[in-house]
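Undergrad: The sequence and its predicted three-dimensional model are supplied below.
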Amino acid sequence: MSQSIDSLFNEIKGKLTVEHLKSITVDIINAYKNKKYSHLRKYKHALKINEESKTEKLFSILIKKYHPDRISFIQKQVDQLRENNDYEKLLEVRDTYFFTIKAVDSIIDESIEFETEFTFDSEDFGYREKNIYEEDNFGESNLEFEEEYNFVSAVKNLFFGGLDIEISESDLRNLDGSLDLSDYDLSNISGIEHCLYINELNLSGNNIEKIGKLAGLMRLQYLFLSNNSIENVSPLENLENLKELDLSFNEISNIHALKNLKSLQYLNLIGNPISDYSVIEYLIERGVIVIFEDNILT
């Protein structure tokens, strides 16, 4: 050991302050606000974060790690590590929280976009090739959708490429785990209401205005809707299991419906014309990490 465990412990306790965490968090928020996503990926490389690299999820990971509200938790963790004489873990804590923004900025971004893994595969679908002359013998009609590119079209593209495959309501109900349809140029999400068993959904980077079809997805815990054209969030008010919600870069002014989200832990509202900050204040008092335009950190 080049440094005694007591010396390392005292170094961490001396440097671990709200101001230090705030400086990191503000840098992360400003990078996200200004869409300097390569800078966020540099944090990913610096911290050896192995989670998938989609920007909105990476941002939430970084915010939850460095937000000043977590300082009490981090300090208790450090105290416990010292009590357990865990030198290696204390080193990890030091490396995780003590670096300069300049050092992060100097990292060369060599990121590779990773595909999202799902807990299902094509065998979960009861699909067959279309035959317009064939009767449906199973008592369940296949979904009829407009010819426009929509949610079901995106699901087809994600799992079956360009194959002309029919997808039924039961096929959509077979989906569970996470579903990532970010940057699919979607505006119509009809059909998503049948995906009752997914717990993580990413619809960021689309052209979505109406989200009423999400109202019944009661198992959702993680929902990413950044960079769309959403104004009304009232369909989300009964999603009682929702823990993380990213609504950044939309057209939302009224967020009163979000007061009802009892499981909420993280909310991103950057890039929205919020008209009433009372709900934000209420959520922060309840312990929710809320990221919004004014960069007010508690």
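TA: Perfect, I can see it now.

Undergrad: Which parts of this structure are strands?
TA: 176-180, 197-202, 222-224, 244-246, 266-268, 289-291 (DSSP state E).

Undergrad: Counting by contacts, list what the fifth one packs against.
TA: Yep, that's strand 266-268 we're talking about. helix 55-66, strand 244-246, strand 289-291 (3 or more CB pairs under 8 Å, 6 or more residues apart in numbering; DSSP states H and E). Heads up, the C-betas are built off the backbone N, CA and C, glycines and all.

Undergrad: Now do the first one, average pLDDT.
TA: Spelled out, that is helix 55-66. The pLDDT scores in helix 55-66 average 91.

Undergrad: Report the buried residues of it.
TA: Buried residues in helix 55-66, counted by 16 or more other CB atoms under 10 Å: 55-63, 65-66.

Undergrad: Give me the helices and strands touching that helix, please.
TA: helix 18-33, helix 37-47, strand 244-246, strand 266-268, strand 289-291.

Undergrad: With distance to residue 213 added, can I get the ones you listed in CSV?
TA: Listed next are these as CSV, based on distance: least, CB to CB, whole Å:
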stretch, distance to residue 213
helix 18-33, 27
helix 37-47, 28
strand 244-246, 16
strand 266-268, 21
strand 289-291, 26
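
Undergrad: At the geometric centre of this protein, which residue do we find?
TA: For the chain, residue 57 is the residue whose C-alpha lies nearest the centre (CA atoms, centre = their mean; 3.8 Å).

Undergrad: That residue and residue 202 touch, don't they?
TA: Yes. Under the contact definition of CB atoms under 8 Å, residue 57 touches residue 202, with a separation of 7.2 Å.

Undergrad: Now list whatever residues contact both of those two.
TA: residue 224 (CB atoms under 8 Å, 6 or more residues apart in numbering).

Undergrad: where in the stretch 101-250 of the chain is pLDDT low?
TA: Scanning the stretch 101-250 of the chain with the threshold set as pLDDT under 70 gives 101-103, 105, 107-148, 162.

Undergrad: how about the strands of the chain, which one is nearest residue 30?
TA: Residue 30 lies closest to strand 289-291 among the strands of the chain, at 11.3 Å (CB to CB).

Undergrad: by contact count, what packs against the closest one?
TA: Using 3+ CB pairs under 8 Å, 6+ apart, the elements in contact with strand 289-291 are helix 55-66, strand 266-268, helix 278-285.

Undergrad: counting contacts, what elements does the last one pack onto?
TA: Meaning helix 278-285. For helix 278-285, the helices and strands in contact under the criterion 3+ CB pairs under 8 Å, 6+ apart are strand 289-291.

Undergrad: Alright, that wraps it up for me.
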